[in-house]
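Trainee: Model the following, please.
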Amino acid sequence: MRPDFRTQLGQMLPEQMAYPYFAEREAPWLLCHRLGAEQRLSKLRQGPLAPLLNRPGAREIAAVCGDGWVSPRRLLPLADPLHAFGREHELMTDRPAELAFDMAAGAAWQNFTVSFTEWAGNRGSDWRWKQVSRPGGNLVLQLNLPDAYRARFDRLFSAEERQWIEYYGHPVRRDATITLAWARLDLEAFGGDVLIEEVQNDWLRGLNELRRALLRGRGVRKSETRRAFMDETEAMYGRSWARALMLAVLAFAVRELGARRIWMHQPEMGAKLKNIKDRHPPRSLYTDLPRRFGFQATDQAPAFLYKSRSQVMARMRRSGRPLFWVLDLGLGHGDMGHGDMGHGDMGLGDMA
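Mentor: Residues are numbered from 1 along each chain as shown. The predicted structure is shown next:
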């Protein structure tokens with residue numbers, strides 16, 4: 001059997017990459033990659049990128065454009081803090097960029113790491129039960145919790161309780177590192193399209209199940225400290241994990257894979273292609289999340305899917321409903337392009 005590029009890629013990538021995230025970092029990142037040349041802020045507010053200026057973090061974006069002009073260069077410290085700090089000597093000559101440095105340094109960073117594995121869907125005839133859209137496997141991007149979090153967890157909970165939370169049938173880390181969430185990706189070796197097959201989080205769900213068992217007092221040691229830790233985890237990651245994961249996927253896809261179009265399933269299309277019949281994933285992950293990142297509904301599809309699933313897509317197209325979401329990053333880039341920023345320029349930072 002011919003090796004599957006998608007699963008081989010997971011073995012070629014670095015073991016781990018640093019990925020700092022703070023609330024609303026996605027807005028300056030998206031602006032940097034969709035803006036193109038420097039523009040007046042007033043003009044930007046009247047165009048298709050205006051929704052990015054209506055986020056809670058918009059004050060920071062406006063502040064670094066105090067003279068009325070916005071550019072990828074000025075937004076770089078907010079969009080990609082690790083790489084910007086490496087170019088501090090260049091950017092500090094610009095007062096708005098200097099202000100952006102101060103804002104990024106003062107943000108509440110969540111110091112995630114990103115790692116990679118593969119999800120094989122090419123074992124015999126069972127690929128349809130792997131929830132992949134076509135025969136073959138997926139590349140998996142894992143969003144991992146900081147070591148400091150894991151150390152606190154290990155002090156409060158047993159190894160058996162961690163096994164209660166995690167499900168090793170899913171593509172999570174199986175070492176000391178804790179995987180908060182992951183995304184499965186489909187792509188081809190040559191081409192600018194990446195399809196987000198799935199985004200999922202087992203950790204928060206499992207921790208909530210453990211919390212319920214704790215409250216019932218059924219074989220789980222009660223402790224106010226343990227309960228407070230669970231509450232803190234939910235408060236810190238419950239609302240932000242999906243946005244942090246999506247930004248990690250976009251940054252990786254653009255920087256490492258050279259992607260220009262990122263696709264995501266519409267809920268109905270995803271269920272059909274991935275043979276999901278019973279328990280469907282949360283609908284908001286395939287509606288609200290892509291909208292938040294500026295994806296557009298479309299009746300088009302990644303070119304590589306037409307080759308293997310054309311009949312299914314033809315039937316779905318007759319329904320008149322959109323098939324996919326797509327985010328086109330082929331335009332813009334301004335001075336955030338590959339030639340200017342080089343390796344590590346898309347927001348994941350240096351290899352750890």
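
Trainee: per-residue pLDDT, the residue nearest to residue 119 when sequence neighbours are not counted?
Mentor: Closest residue to residue 119 apart from its sequence neighbours, by C-beta to C-beta, 6 or more residues apart in numbering: residue 138 at 4.2 Å. C-betas here are computed from N, CA, C, even on glycine. For residue 138, the pLDDT comes out at 90.

Trainee: now residue 138: how far from residue 198?
Mentor: 8 Å (C-beta to C-beta, to the nearest Å).

Trainee: So for those two, which residues contact both of them?
Mentor: Any residue near both residue 138 and residue 198 by C-beta atoms under 8 Å, 6 or more residues apart in numbering counts here, and that gives residue 184.

Trainee: Of those two, which one has the most company?
Mentor: A count of neighbours by other C-beta atoms under 10 Å puts residue 138 above the other of residue 138 and residue 198, at 29 against 25.

Trainee: which residues does the more buried one contact?
Mentor: So residue 138 contacts 6, 7, 118, 119, 121, 132, 184, 185, 186, 197, 198 (C-beta under 8 Å, 6+ apart).

Trainee: Sheet partners, orientation included, of the host helix or strand of the last one?
Mentor: According to DSSP states H and E, residue 198 maps onto strand 193-200. Strand 193-200 has the following sheet partners, assigned by DSSP bridges: strand 179-187 (antiparallel), strand 261-265 (parallel).

Trainee: Out of these, the one nearest residue 237 is which?
Mentor: Among the strands paired with strand 193-200, the nearest to residue 237 by C-beta to C-beta is strand 179-187 (6.3 Å).

Trainee: which residues of the stretch 151-300 of the chain score low on pLDDT?
Mentor: Counting by pLDDT under 70, the stretch 151-300 of the chain has low-confidence residues at 217-222, 277.

Trainee: thinking again about what came up before, which residues does the strand holding residue 198 contact?
Mentor: With contacts defined as C-beta under 8 Å, 6+ apart, strand 193-200 is touched by 131-133, 138, 170, 181-187, 242, 245-246, 249, 253, 257, 259-265, 270, 274, 281, 285, 289, 302-305.

Trainee: Just send the strands paired with strand 193-200 back as CSV, with mean neighbour count and distance to residue 46 too.
Mentor: Output for the strands paired with strand 193-200, formatted as CSV (neighbours: other C-beta atoms under 10 Å; distance: least, C-beta to C-beta, whole Å):
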stretch, mean neighbour count, distance to residue 46
strand 179-187, 24, 33
strand 261-265, 24, 25
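
Trainee: which stretch among the ones you listed comes nearest residue 50?
Mentor: Short answer: strand 261-265, nearest of these by C-beta to C-beta, at 20.8 Å.

Trainee: any idea how far the closest one is from the chain center?
Mentor: 12 Å (C-alpha atoms, centre = their mean, to the nearest Å).

Trainee: Residues in contact with that strand: which ones?
Mentor: 133, 192-197, 249-250, 253, 273-274, 286, 290, 295, 301-302, 324-330.

Trainee: any low-confidence regions in the stretch 1-150 of the chain?
Mentor: 1-3, 57-58, 84-101, 105-106, 121-129.

Trainee: Can you tell me how far the spatially closest residue to residue 55 that is not a sequence neighbour is from residue 112?
Mentor: Leaving out its chain neighbours, the residue that sits closest to residue 55 by C-beta to C-beta, 6+ apart is residue 27, at 4.7 Å. Counting by C-beta to C-beta, the separation of residue 27 from residue 112 is 18 Å.

Trainee: and what of residue 213?
Mentor: Distance, residue 213 to residue 112, by C-beta to C-beta: 27 Å.

Trainee: Which of these two has more residues huddled nearby?
Mentor: Comparing residue 213 with residue 112 by other C-beta under 10 Å, the one with more neighbours is residue 112, at 24 against 14.

Trainee: quick one: contacts for that one?
Mentor: 19, 20, 21, 143, 144, 145, 146, 180, 244, 248.

Trainee: Give me the phi and psi for the residue nearest the centre of the chain.
Mentor: Nearest to the mean C-alpha position of the chain, counting by C-alpha atoms, centre = their mean, stands residue 246 at 2.1 Å. Main-chain torsions, residue 246, degrees, to the nearest 10: phi -60, psi -40.

Trainee: can you pull the buried residues of stretch 45-56?
Mentor: Within stretch 45-56, the residues that qualify as buried are 49, 52, 53, 55, counting by 16 or more other C-beta atoms under 10 Å.
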